[in-house]
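Student: let's see this in three dimensions:
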Amino acid sequence: METKSKRDMQGKIGVVKFWTWSARDLSLSANFIVLSFISIYCTNTLNMEPALVGILLMGSKVVDAVTDLFAGYLVDRTETKWGKGRPYEFAIFGVWLCTWLLYSTPAEAGTTMKAVWIFAMYMFVNSVFTTLLNASGNPYMVRAFGDNEQRVRLASFGGIIIMVASIVINITFPIAMTRIATSAAGWRKMIGMFALPLAVIGILRFFFVKETEKVDTVSEKVSFKDVLTVLKENKYVYMVIALQLVYSLVTGTGVVTYYFTYIVKNLEVMGVVSSVSVFVVPLMIFFPLMLKKVPMGKMVQIGCVFYAIGSFVAFVSGGSIPVLIGATVITGIGTLPVTYLVNLMALDCGSYNAYKGRQRMDGTIGAIKGFANKLGGACGSGLLGIMLTMGGFDSTLETQTSSANFMIVALYTLIPCILFAVMAVMFSFYKLDKMMPEINRVIESKSAEIS
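Tutor: Coordinates of the predicted model:
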């Protein structure tokens, strides 16, 4: 009877626990979208040179990438009455406060003052607060949801909520931008309208989801040597890193705003095109069933193929709305496994460490993944500024030169196509999925011995 009861409860989460857990991911995803408009805010509202903006954002993200490694080490050494990852949830308030301050850069200030302000606020958002949230996410999840089926359901059904919310933000933000953010004061007002409710939504996880699961099979304190061991011996971590880096580079350029402004010549339609991603949301419902038949690595590989194809379709679209809608649906299908399985793959990397008789190092692995995320974003931001400058971009012109337009199109379509094609090839060598049944059996045996 006890075994049957345990089997019946397997995979169940609870309505309140599910929604409040997803709330913080929703808030952080919304922040990512809001930050993607920082380049056009700097060039078109603050009248800053695109190359300077690119260097500033790239520099702050490089610093951010380094701090991720220290954050992971910090989280792995954290032991409080609230748990290991849960105490860091309050960082969501810092994320939104500094985002508002970022978009409140004094427009009348000199270039140096603007540059310092942008660099500092952008670094606080990413290098401090978002870094702590990302580094603590995996340790929090694995201790709040001990059942892997629960984690799969969170990734799939929670992903639906996040995707739908992201679509809403993608639709409303450009519209609000064209109607409210017509000046520096307008930007401050608009960001405040988004920041306050999203900060409140983001903290709900702390109050409703506790760390209740014991997952550590090695009881010693984490040392810096353990971090080096992960980097040296766990080759699967590098595959997760590469995937995160590529995805962050592609989505972190901020070029989509330029593409719809200067190629499509209709910024408001950007949200409409993005909203067609809602048609791929129902696929998330079938993720738990699909993962029972198709390994995670294979699903990610298929997703990379779809992303590459969708990007190529966008390249040949010539800015045609109907074709772009089709391309968005294809890339949307590719995005699902890439974005919603990467955290589960990171947790499997932690299980692999435990299987080898070492610390799980969930915080460190999450931090390394965060390092790749920030480094990819840094490369994306820098690439945008450099390529726009090389193309002769001029923010005072309504119609850009053909060379500037080509750079915008290449960043939006060709570069993602090539990078995700490479990722598809790489994931043909991902073999951890086949090892997981044996890994889980060994870990359960070790946990039973400890308890």
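
Student: switch to C-alpha atoms for all contacts and neighbour counts from now on
Tutor: Fine.

Student: pull whichever strand or helix holds Thr328 out as CSV, backbone CA atoms only.
Tutor: Taking DSSP states H and E as the definition, one finds Thr328 inside helix 321-340. As requested, C-alpha coordinates have been extracted for helix 321-340 and formatted as CSV (Å, rounded to 0.1, in the frame of the first residue of the first chain):
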residue,chain,number,x,y,z
ILE,A,321,5.1,39.4,-42.6
PRO,A,322,3.5,36.1,-43.7
VAL,A,323,6.8,34.5,-44.2
LEU,A,324,8.2,35.9,-41.0
ILE,A,325,5.2,34.4,-39.2
GLY,A,326,6.0,31.0,-40.6
ALA,A,327,9.6,31.4,-39.6
THR,A,328,8.5,32.4,-36.1
VAL,A,329,6.4,29.2,-35.7
ILE,A,330,9.3,27.0,-36.8
THR,A,331,11.9,28.7,-34.5
GLY,A,332,9.2,28.6,-31.8
ILE,A,333,9.1,24.8,-32.1
GLY,A,334,12.9,24.8,-31.9
THR,A,335,13.0,27.1,-28.9
LEU,A,336,10.8,24.8,-26.7
PRO,A,337,13.3,22.0,-26.0
VAL,A,338,16.3,24.3,-26.1
THR,A,339,15.0,26.6,-23.3
TYR,A,340,12.9,24.3,-21.2
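
Student: give me the mean pLDDT for the helix or strand that that helix is followed by.
Tutor: Once the chain leaves helix 321-340, the next helix or strand it forms, by DSSP H and E, is helix 342-355. The pLDDT scores in helix 342-355 average 85.

Student: can you pull out the helices in the stretch 101-250 of the chain?
Tutor: 111-123, 131-144, 148-179, 184-202, 204-208, 224-233, 235-251 (DSSP state H, counting those that start in this stretch).

Student: what comes up buried for the first one?
Tutor: Taking 16 or more other C-alpha atoms under 10 Å as the basis for neighbour counts, the residues of helix 111-123 that come out buried are 114-115, 117-123.

Student: helices or strands next to that helix in the packing?
Tutor: Counting contacts by 3 or more C-alpha pairs under 8 Å, 6 or more residues apart in numbering; DSSP states H and E, helix 111-123 packs against helix 50-76, helix 91-102.

Student: and the angle for that helix with helix 91-102?
Tutor: Per axes from the mean of the first three to the mean of the last three C-alpha atoms, to 10 degrees, the angle that helix 111-123 makes with helix 91-102 is 160 degrees.

Student: how far does helix 111-123 sit from the chain's center?
Tutor: Relative to the centre of its chain, helix 111-123 is centred 23 Å away, using C-alpha atoms, centre = their mean, to the nearest Å.

Student: can I get the CA coordinates of it in CSV?
Tutor: Coordinates of each C-alpha in helix 111-123 appear next as CSV, following Å, rounded to 0.1, in the frame of the first residue of the first chain:
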residue,chain,number,x,y,z
THR,A,111,28.2,60.8,-22.6
THR,A,112,30.6,59.8,-19.8
MET,A,113,27.9,60.0,-17.2
LYS,A,114,25.5,58.1,-19.3
ALA,A,115,28.1,55.4,-20.0
VAL,A,116,28.9,55.0,-16.3
TRP,A,117,25.2,54.9,-15.3
ILE,A,118,24.3,52.3,-18.0
PHE,A,119,27.3,50.1,-17.1
ALA,A,120,26.6,50.2,-13.4
MET,A,121,22.9,49.6,-13.5
TYR,A,122,23.1,46.9,-16.1
MET,A,123,25.8,45.2,-14.1
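
Student: ok, and what's touching that helix?
Tutor: With contacts defined as C-alpha atoms under 8 Å, 6 or more residues apart in numbering, helix 111-123 is touched by 48, 53, 56-57, 59-61, 63-64, 98-99, 101-102, 105-107.

Student: if you set the cut-off to 10 Å instead, what comes out?
Tutor: 35, 38, 42, 46-49, 52-53, 55-64, 95, 97-109, 124, 127-130 (C-alpha atoms under 10 Å, 6 or more residues apart in numbering).

Student: any low-confidence regions in the stretch 351-451 of the chain?
Tutor: For the stretch 351-451 of the chain, residues meeting the criterion pLDDT under 70 lie at 447-451.
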